[in-house]
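1. no sequence on this one, just coordinates:
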């Protein structure tokens, strides 16, 4: 599976970032805490080279807490400041301004020594579609400034957003990359809704997600779908085959049957994705630092 998705507005965004980066003091990269690696655009490092970086692990309320702790340590070891956030509920957003000023402490001291203590700090906010970037900005700003919608590709142009008298953000549209060489990256982005569902077959997607949850978080699957136990995975079974059997078991328990007593696995796959994205199944992280 080689997903390619690069709408024209993302090409424009890349150019805009390259033009605007010289006017900002720091970069804030918003990642989905459930998929911190898959939700990082590899182009960002090149586009923002040399700028201090704050990584926001968003949606920590839906991520595995132990995995989030490991990811935070991973990014700090790379020299980035880290902020954990649940933008929808507001957790962590009040610490943003302080985290930026701590990140830029040396620069602010230098400004003060040169008599520029009131100089406005400008921070560029980056993130792929649907990581909660606009929601985060609105919470930080304390008002609705960025358009939010639970689908990828809503923010289409840059916006300057004042946070307080000394801090401004430049919001940018979500930017993906031309193609995903690693199948797991494409799947993770599809599981979390960062790419449109129409790009992949929902049933196949549901099989992959169910297989992962069955292997890594079996207790959550048995609890959510009231299964006494999960079927054993056979040695020769790939993710789709094993995931399909789990979808069947869950769908049968939910009563999603069609004529002949067969399970409507497509309906079950849609329900699984909805419940996963809504945080109804538990707190999961789909990848860990190497």
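-> All right, it came through fine. Computed from a predicted model, the values in this text were never measured in an experiment.
2. buried ones in stretch 96-105?
-> Neighbour counts over stretch 96-105 (16 or more other CB atoms under 10 Å) mark 96-97, 99-100, 103-104 as buried. In short, each C-beta sits where N, CA and C put it, glycine included.
3. Serialize those to JSON lines and add fields for pLDDT.
-> Below are these laid out as JSON lines (pLDDT from 0 to 100):
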{"residue": "96", "pLDDT": "96"}
{"residue": "97", "pLDDT": "94"}
{"residue": "99", "pLDDT": "96"}
{"residue": "100", "pLDDT": "96"}
{"residue": "103", "pLDDT": "96"}
{"residue": "104", "pLDDT": "95"}
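4. Which member of the residues you listed is positioned nearest residue 139?
-> Residue 139 has its nearest neighbour among those in residue 96, at 8.6 Å by CB to CB.
5. just to revisit the earlier point, could you list which of the buried residues of stretch 96-105 belong to helices?
-> The helices, defined by DSSP state H, take in 96-97, 99-100, 103 from these.
6. thinking again about what came up before, format the buried residues of stretch 96-105 as JSON lines; extra columns: distance to residue 113.
-> Output for those, formatted as JSON lines (distance: CB to CB, whole Å):
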{"residue": "96", "distance to residue 113": "26"}
{"residue": "97", "distance to residue 113": "22"}
{"residue": "99", "distance to residue 113": "23"}
{"residue": "100", "distance to residue 113": "20"}
{"residue": "103", "distance to residue 113": "18"}
{"residue": "104", "distance to residue 113": "14"}
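7. partners of the spatially most central residue of the chain in the sheet?
-> The chain has residue 32 as the residue nearest its centroid, 2.4 Å off, counting by CA atoms, centre = their mean. As for beta bridges, residue 32 partners with residue 58 under DSSP bridges.
8. Does it touch residue 58 like I think?
-> Yes - proximity of residue 32 to residue 58 meets the contact threshold set by CB atoms under 8 Å, at 6.2 Å.
9. which residues do the two both contact?
-> 131-132 (CB atoms under 8 Å, 6 or more residues apart in numbering).
10. Now do the worst-scoring helix or strand of the chain on mean pLDDT: distance to the chain's middle.
-> Ranked by mean pLDDT, DSSP states H and E, the weakest helix or strand in the chain is helix 8-20, scoring a mean of 78. Distance of helix 8-20 from the chain centroid (CA atoms, centre = their mean, to the nearest Å) equals 20 Å.
11. ok, residue 233 to residue 70 distance?
-> 26 Å (CB to CB, to the nearest Å).
12. Between the two, which has more neighbouring residues?
-> Neighbours were counted for residue 233 and for residue 70 using other CB atoms under 10 Å; residue 233 has more, 17 against 14.
13. What sits closest to that one if chain neighbours are left out?
-> Of all residues not flanking residue 233 in the chain, residue 242 sits nearest, at 4.9 Å (CB to CB, 6 or more residues apart in numbering).
14. what about the strands in the stretch 151-290 of the chain?
-> Here the stretch 151-290 of the chain has its strands, by DSSP state E, counting those that start in this stretch, at 159-164, 167-171.
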